[in-house]
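# Just the structure for this:
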Amino acid sequence: MGRPVNVTVVEKGLPPIRNVPQLIVARPGDTVRSILTGLGIAPQSTRAVASALNHSAALAGGDVIAVVEDARGEIVGPLEVSLYRSGRVLSTVAHVKNGGYVAVAPRHATVIPADATAAPQKTKDGATLRQALEGLRATGALGPTSFSNIVRLAGRDLDLETKLSASDSSELIYRSGTLAYMELTVAGHTHSYYRYAGTDGGSRFYDASARSTVPSFIRKPVAAGRLGDGFAWRIHPILHKRLFHEGVDFAAPYGSPVQAAASGSVEQIGWEAGYGNFVKVRHPSGYTTVYAHIAGAAPNLKVGDQVHRGQVIARVGSTGLSTGPHLYFELWAQGKRVDPLHAPVQIEAGLDGTDLGAFTHEKGRLDEIAAAGTRLMSASTPSGS
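Residues are numbered from 1 along each chain as shown. This next block holds a predicted model:
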């Protein structure tokens, strides 16, 4: 599995380039020779290229090697190799008739943006999708966090035990050495995943519909809180009756910030005799949360506002049937109260508002890079190959 994302730029009106570069992002410690060897280039050619580039030292993470191979297969070894750093070419060498390599000015209209480079990855025909993703993690192409994110998303869209064929592929786009985009094509169907850093400060992967399956529920909405009565039967401290406590209490200093447990829409801000002042938030997938006994809602918060996970929506108080400052926290799932501390919560971390607009813009940029690479590779493939 693995098709290089090509970010070659061809001026309008120029004929298509027949031999399109492969772009390999170096990990810290990689060398020119180790990268060329990994591409299957013969030892004699790897030595000659490294010598001509005059770069035998380890590469910095994020350096890019652009390798142009002969599409006709008439030349042993690459036609041209360039070394890029921070988007700028450091040196380029080209194949000469005697089989050696000499330093030349770049002869291809190749632009490697500093914030968008890609690496080809390969896997054995017949491996499962899960094994292919694990292979990308083993090579360092997928970091541990990216791997976990992608597996969750891909596991929702695809059977991870699907056997892959030679026609299946992946494309990866990096930004400043960090994976920004991954495209998986399996059995003719393509699924794309995009990294986005939201206004809540979290950086995670989303699918093309701006949905994520990264865990997105805060079970303790007041960081300074101390757990009091839980989701269980108890003697009510004011009514002195045995009643079921349908939420959980977090004792905290008066005025402590209360966070939204997940992203959603403010459904109600009000007062009830039992709750006192409260805020009610509706979330995706049939979930609702209630924050009660609060001193009041956050300034300017109003019904209909979109809030994100971790946003301060209220302050701890002691309103309604309360014996002291604390937060009473309820979780509703499909219309029924459930234990906020232990109930399984499957809330997809979708984007909305400003985040959705920014994500859509970023997604468009990454789609353009990936599409340009696909078009150029297709145009550069010899007929009949």
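# Surely Arg130 is within a helix?
Yes - when the secondary structure is assigned by DSSP: H, G, I helix; E, B strand; the rest coil, Arg130 falls within a helix.
# Look at it and say how many residues are nearby.
The number of residues packed around Arg130, counting by other CB atoms under 10 Å, is 16. The C-beta positions use only the backbone N, C-alpha and C, and glycine is treated the same way.
# ok, the closest residue to it other than its chain neighbours - contacts?
Nearest-residue entry for Arg130: Leu160, 4.1 Å, with adjacent residues in sequence omitted and distances by CB to CB, 6 or more residues apart in numbering. Leu160 makes contact with 128-130, 133, 151, 154, according to CB atoms under 8 Å, 6 or more residues apart in numbering.
# Among the residues you listed, name the buried ones.
Neighbour counting by 16 or more other CB atoms under 10 Å classes 129-130, 133, 151, 154 among those as buried.
# Of those, just say which sits nearest to Val102.
Nearest to Val102 out of the buried ones among the contacts of Leu160 is Leu133 (CB to CB; 40.7 Å).
# ok, which stretches of the stretch 51-200 of the chain are helices?
In order along the chain, the stretch 51-200 of the chain carries the following helices (DSSP state H, counting those that start in this stretch): 129-139, 144-157.
# Span of stretch 345-353 from start to end?
Stretch 345-353 has an end-to-end distance of 23 Å (CA to CA, to the nearest Å).
# Could you chop this protein up by domain?
1-8+115-214+353-385, 22-108, 226-338 (automatic domain parsing).
# Out of the ones you listed, which gets nearest to Lys220?
Taking CB to CB, domain 226-338 is the member of these nearest to Lys220, at 6.6 Å.
# mind checking how far that closest one is from the chain centre?
Domain 226-338 has its average C-alpha position 32 Å from the chain's average C-alpha position, going by CA atoms, centre = their mean, to the nearest Å.
# quick one: average pLDDT of that domain?
Averaging pLDDT along domain 226-338 yields 89.
# wait, isn't Ala252 in contact with Arg315?
No - counting by CB atoms under 8 Å, Ala252 stays clear of Arg315, with 9.7 Å between them.
# in the stretch 51-200 of the chain, which segments are predicted with low confidence?
Counting by pLDDT under 70, the stretch 51-200 of the chain has low-confidence residues at 61-62, 70-75, 86-87, 106-126, 138-141, 174-177, 200.
# the strands in it, which residues?
In order along the chain, the stretch 51-200 of the chain carries the following strands (DSSP state E, counting those that start in this stretch): 64-68, 80-85, 88-95, 101-103, 169-175, 178-186, 189-197.
# ranking these by burial, who's on top?
Across those, averaging neighbours per residue (mean count of other CB atoms under 10 Å) puts strand 64-68 on top, at a mean of 24.
# Mind listing the strands it pairs with, and their directions?
Paired neighbours of strand 64-68 in the sheet (DSSP bridges): strand 22-25 (antiparallel), strand 80-85 (antiparallel).
# Now render the ones you listed as TSV, adding distance to Thr354.
Listed next are the strands paired with strand 64-68 as TSV, based on distance: least, CB to CB, whole Å:
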stretch	distance to Thr354
strand 22-25	31
strand 80-85	34
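# Figure out which of those strands is closest to Gly357.
Between Gly357 and the strands paired with strand 64-68, the shortest gap by CB to CB is with strand 22-25, which sits at 29.4 Å.
# Which positions in the following helix or strand past that closest one come out as buried?
Moving toward the C-terminus from strand 22-25, the next helix or strand (DSSP states H and E) is helix 32-38. When burial is assessed from 16+ other CB under 10 Å, helix 32-38 yields the following buried residues: 32-33, 35-36.
# Would you tell me which one of those residues comes nearest to Arg204?
For the buried residues of helix 32-38, the closest approach to Arg204 (CB to CB) belongs to Ile35, at 29.8 Å.
# residues in contact with that closest one?
Contact criterion CB under 8 Å, 6+ apart gives 24, 26, 59, 65 as the residues in contact with Ile35.
# Tally up the residues packed near the residue nearest to the third one when sequence neighbours are not counted, please.
Think Leu59. In this structure, Leu59 finds its nearest non-sequential neighbour in Ala26, 4.0 Å apart by CB to CB, 6+ apart. With neighbours defined by other CB under 10 Å, the count for Ala26 comes to 24.
# any idea how far Ser256 is from Ala26?
Distance, Ala26 to Ser256, using CB to CB, to the nearest Å: 48 Å.
# what do you get for Thr354?
Applying CB to CB, one obtains 27 Å for the distance of Thr354 from Ser256.
# quick one, which of these two is more surrounded?
When Thr354 is set against Ser256 and neighbours are counted by other CB under 10 Å, the residue ahead is Ser256, at 22 against 12.
# I figured that one was touching Ser318, is that so?
No - the pair Ser256 and Ser318 fails to qualify as a contact (CB under 8 Å) at a distance of 11.7 Å.
# Need the residues touching each of the two.
Both Ser256 and Ser318 are contacted by Pro325, under the criterion CB under 8 Å, 6+ apart.
# Now render the contacts of Leu160 as JSON lines, adding distance to Gly304.
As requested, the contacts of Leu160 are arranged in JSON lines below (distance: CB to CB, whole Å):
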{"residue": "Thr128", "distance to Gly304": "46"}
{"residue": "Leu129", "distance to Gly304": "41"}
{"residue": "Arg130", "distance to Gly304": "42"}
{"residue": "Leu133", "distance to Gly304": "40"}
{"residue": "Val151", "distance to Gly304": "36"}
{"residue": "Ala154", "distance to Gly304": "35"}
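# Could you point out which of those is nearest to Arg242?
When these are compared against Arg242 (criterion: CB to CB), the nearest one is Val151, at 46.3 Å.
# Tell me which residues touch that closest one, please.
In this structure, Val151 makes contact with 130, 133, 160, judged by CB under 8 Å, 6+ apart.
# can you check Thr190 too?
Thr190 makes contact with 183-184 under the criterion CB under 8 Å, 6+ apart.
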